[in-house]
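Asker: return a 3D structure for these sequence lines:
(2 chains)
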Amino acid sequence: MNNYFFSDMSVMLGRSMRHIFRSMDTIITVCITPIAMMLLFVYVFGGAIQTGTDNYVNYLLPGILLIAIASGISYTAYRLFLDKQRGIIERFHSMPIARSAVLWGHVLTSLVSNVISLVVIILVALLMGFRSSAGVLPWLAVTGILILFTLALTWVAAIAGLSAKSVEGASAFSYPLIFLPFISSAFVPTETMPSAVRAFAENQPVTSIVETIRALLSSQPVGNDIWVALAWCLGILMVAYLFAVRAYKRKAA
Amino acid sequence: MGKAIEVKSLRKSFKGTEVLKGIDFEVKRGEIFALLGSNGAGKTTIVSILTTLLKQDGGTATVNGFDVASDPENVRHAISLTGQFAAVDEILTGRENLIMIAKLRHLPNPRQVADDLLIRFSLTEAANRRASTYSGGMRRRLDIAMSLIGNPQLIFLDEPTTGLDPEARIEAWKMVKELSDGGTTVFLTTQYLDEAEQLADQIAILHEGRIIAGGTLEELKKLFPPAKVEYVEKQPSLEEIFLAIIGKREVSNHE
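Answerer: Below you'll find the model as predicted:
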């Protein structure tokens, strides 16, 4: 690592944040689509969905946040792929800069942009009647889990971006991730699902994360869910990080 | 004059296919060195090794006195790479691209550096437009301008004129000559014979992973039987016609 790691990384961050703010497509996908989905579920389907809570927005919000993250990180894969394909990474790597700053710049961009879109979505949810009784500490815990989830998926996206052979391939991996919340307790309780689907829904990472966030926001006990959620996030994070760094070194060596 | 690049029995294979089969050559400081070869001859592989992007399997290569394998950091301080495809950030403007590189080179006044280069490369008018709106020639100019930031002693140009129209090509040649006049060592690869002939002080011909001939243009010409005098009616080439029609005839007849 060289002395310029942080200054180089901030140049990379500034660069890809510009990419995001100049791309209407990105803004629509990562921010407007989740909001539209939230509107659709609350005002169209919500009336017919029985969740046992008095406010469906409260029930729905955690799942919407995860969907926003899953679609946000697909752009990280896309941007990494384009950098690789267009020779920009080679240009950077032939310069006397901290090489890892290129990859970390993308990771940091993913984190910053996802935080921005999550804040916007939460503000819209507040307008739609979302209320939370949670204090500062539970909110910090929610923030921590969302950041961890973002980082875990970002490193998965990095693998996809670095090893993809086409633009489509680079972003296609995120479709199943965006779909996962639908087969979880994000939109409806799992009790009404057929047993096989229910077994899947209750044991996949999204459900434990959604349940944890929902419990934290409504001041309910989080129980075991928080540990299951943390284990999933950290597990995915570590495995994906190792593979991503290996893929990056292979491209860079 | 010192040596800018020294390559000794360089070898590289990809998945069992030997791409470089023992390459030797030297580049002197301040000269324009052209590596001439057809597609797939291994030109880009050599550039990648010399610019520390790829590790060789065997042999040694030193750039500016530093070994590329054991001391890549010092090599990177001395060089700049302009890859085969203009590696500019299309979403950023021309100015932003230049500022970005100046910041990554940790120069004190990135904006000033950018403004100076925009003037020098006649990009001031397009400075605030996204690079995606640039023509091929403008993009290449921006690309080369980005490579000059930080005044590297040695510039690698990997097929700098591939895909350019004839006008942009002549413009790129002019830039390369100016660079060289300013004392920069230029290492360029090309598949065009006339490009090597126009620009290079030294030429090496790479064929199937080996340098099969090398030297100045004069030396290479001596390898062939002496010229015979024949009288042939000179027809203008299509390039000459094209340039004459669009009014660039004086440029094409330089020298």
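
Asker: where does the stretch 1-150 of chain B dip in pLDDT?
Answerer: Screening the stretch 1-150 of chain B residue by residue with the criterion pLDDT under 70, one finds the ranges B:1.

Asker: for the stretch 101-250 of chain A, same thing?
Answerer: Segments of the stretch 101-250 of chain A classed as low confidence (criterion: pLDDT under 70) are not present in this model.

Asker: gap between the residue of it found nearest chain B and A:Lys249?
Answerer: Sorted by distance to chain B under Cβ to the nearest Cβ, the residues of the stretch 101-250 of chain A start with A:Ala101, at 8.8 Å. C-beta here means a position set from N, CA and C on the backbone, and glycine is covered the same way. In this structure, A:Ala101 and A:Lys249 are separated by 14 Å, where distance is defined by Cβ to Cβ, to the nearest Å.

Asker: now do B:Leu54
Answerer: Distance of B:Leu54 to A:Lys249, computed by Cβ to Cβ: 13 Å.

Asker: now do B:Gly37
Answerer: Note on B:Gly37: its distance to A:Lys249, by Cβ to Cβ, is 29 Å.

Asker: looking at the two, which is more packed in?
Answerer: B:Gly37 (22 against 13; other Cβ atoms under 10 Å in any protein chain shown).

Asker: residues contacting the nearest residue to that one once chain neighbours are set aside?
Answerer: For B:Gly37, ignoring the flanking residues on the chain, the nearest one in space by Cβ to Cβ, 6 or more residues apart in numbering or on different chains is B:Leu206 at 3.7 Å. Applying Cβ atoms under 8 Å, 6 or more residues apart in numbering or on different chains to B:Leu206 gives the contacts B:23, B:35-37, B:41-43, B:46, B:212.

Asker: do that again at 7 Å, thanks
Answerer: For B:Leu206, the contacting residues are B:35-37, B:41-43, by Cβ atoms under 7 Å, 6 or more residues apart in numbering or on different chains.

Asker: what's the answer for A:Ser94, then?
Answerer: Taking Cβ under 7 Å, 6+ apart as the contact definition, A:Ser94 lies against B:51-53, B:76, B:79, B:81.

Asker: what parts of chain B come near chain A?
Answerer: B:51-53, B:55, B:73, B:76-77, B:79, B:81, B:83, B:85, B:87, B:89, B:91-92, B:100, B:103-106 (Cβ under 7 Å from any Cβ of the partner chain).

Asker: filter the residues you listed down to the buried ones.
Answerer: Among these, those classed as buried by 16 or more other Cβ atoms under 10 Å in any protein chain shown are B:51-53, B:76, B:79, B:81, B:83, B:85, B:87, B:89, B:91-92, B:100, B:103-105.

Asker: tell me the one of the contacts of B:Leu206 nearest chain A?
Answerer: In terms of Cβ to the nearest Cβ, no member of the contacts of B:Leu206 lies closer to chain A than B:Lys43, at 14.7 Å.

Asker: give me the pLDDT value at the closest residue to that closest one other than its chain neighbours.
Answerer: Nearest residue to B:Lys43, sequence neighbours excluded (Cβ to Cβ, 6+ apart): B:Thr189, at 3.9 Å. Confidence per residue is given as pLDDT, and for B:Thr189 that number is 92.

Asker: which element is residue 198 on?
Answerer: Reading this off chain A. For A:Arg198, the host element (DSSP states H and E) is helix A:195-203.

Asker: that was the other one, I meant chain B.
Answerer: Since the elements are taken from DSSP H and E, B:Gln198 ends up inside helix B:193-199.

Asker: and the helix or strand just after that helix, how far out from the chain's middle?
Answerer: Moving toward the C-terminus from helix B:193-199, the first helix or strand encountered (DSSP H and E) is strand B:202-207. Distance of strand B:202-207 from the chain centroid (Cα atoms, centre = their mean, to the nearest Å) equals 14 Å.

Asker: next one: stretch B:127-140
Answerer: The offset between the C-alpha centroid of stretch B:127-140 and the centroid of the whole chain comes to 19 Å, using Cα atoms, centre = their mean.

Asker: what residues does it touch?
Answerer: The list of residues contacting stretch B:127-140 from outside it, by Cβ under 7 Å, 6+ apart, reads B:86, B:88-95, B:97, B:118, B:123, B:126, B:142, B:160, B:163-165, B:167-168, B:171-172.

Asker: show me where the stretch 101-250 of chain B has its helices.
Answerer: B:110-120, B:136-148, B:166-181, B:193-199, B:217-222, B:238-245, B:249-252 (DSSP state H, counting those that start in this stretch).

Asker: relative to helix B:166-181, how tilted is the first one?
Answerer: Here helix B:110-120 runs at an angle of 120 degrees relative to helix B:166-181 (axes from the mean of the first three to the mean of the last three Cα atoms, to 10 degrees).

Asker: before we move on, what about the second one?
Answerer: Interaxial angle, helix B:136-148 versus helix B:166-181 (the same axes, to 10 degrees): 20 degrees.

Asker: torsion angles phi and psi at B:Ile32?
Answerer: Note on B:Ile32: backbone dihedrals following degrees, to the nearest 10 are phi -100, psi 120.

Asker: residues contacting the closest residue in space to it that isn't next to it in sequence?
Answerer: Closest residue to B:Ile32 in three dimensions, ignoring its sequence neighbours and counting by Cβ to Cβ, 6+ apart: B:Val186, at 4.5 Å. When contacts are counted by Cβ under 7 Å, 6+ apart, B:Val186 touches B:32-33, B:155, B:157, B:176, B:179-180.

Asker: need the residues of chain A near chain B, please.
Answerer: Among all residues of chain A, those adjacent to chain B (criterion: Cβ under 7 Å from any Cβ) are A:4, A:8, A:11, A:15, A:18-19, A:22, A:86-88, A:90-91, A:93-97, A:253.

Asker: any of these buried? List them.
Answerer: Applying a neighbour-count criterion of 16+ other Cβ under 10 Å, the buried members of the residues of chain A next to chain B are A:4, A:8, A:11, A:15, A:18-19, A:86-88, A:90-91, A:93-97.

Asker: among those residues, which ones are in helices?
Answerer: Among those, the members falling in helices (DSSP state H) are A:8, A:11, A:15, A:18-19, A:88, A:90-91, A:93.

Asker: the host helix or strand of A:Ile236: how far from the chain's middle?
Answerer: In this structure, A:Ile236 is located in helix A:225-252 according to DSSP H and E. In this view, helix A:225-252 has its centroid 13 Å away from the chain centroid, taken as Cα atoms, centre = their mean.

Asker: which strands and helices sit next to it?
Answerer: For helix A:225-252, the packing partners by 3 or more Cβ pairs under 7 Å, 6 or more residues apart in numbering or on different chains; DSSP states H and E come out as helix A:136-163, helix A:205-217.

Asker: excluding sequence neighbours, find me the nearest residue to B:Leu117.
Answerer: If the residues on either side of it in the chain are set aside, B:Leu117 comes closest to B:Ala145, at 4.4 Å by Cβ to Cβ, 6+ apart.

Asker: next, name the residue at the spatial heart of the chain.
Answerer: If you meant another chain, say so; for now it's chain A. To find the centre residue of chain A, average its C-alpha atoms and take the closest one (Cα atoms, centre = their mean): that gives A:Ile69, at 2.5 Å.

Asker: hmm, I had chain B in mind actually
Answerer: For chain B, B:Leu157 is the residue whose C-alpha lies nearest the centre (Cα atoms, centre = their mean; 2.2 Å).

Asker: ok so, going back, counting neighbours, which bits of the helix holding A:Ile236 end up buried?
Answerer: Neighbour counts over helix A:225-252 (16+ other Cβ under 10 Å) mark A:225-226, A:228-230, A:232-233, A:236-237, A:240-241, A:243-245, A:247-248, A:251-252 as buried.

Asker: understood, closing this out.
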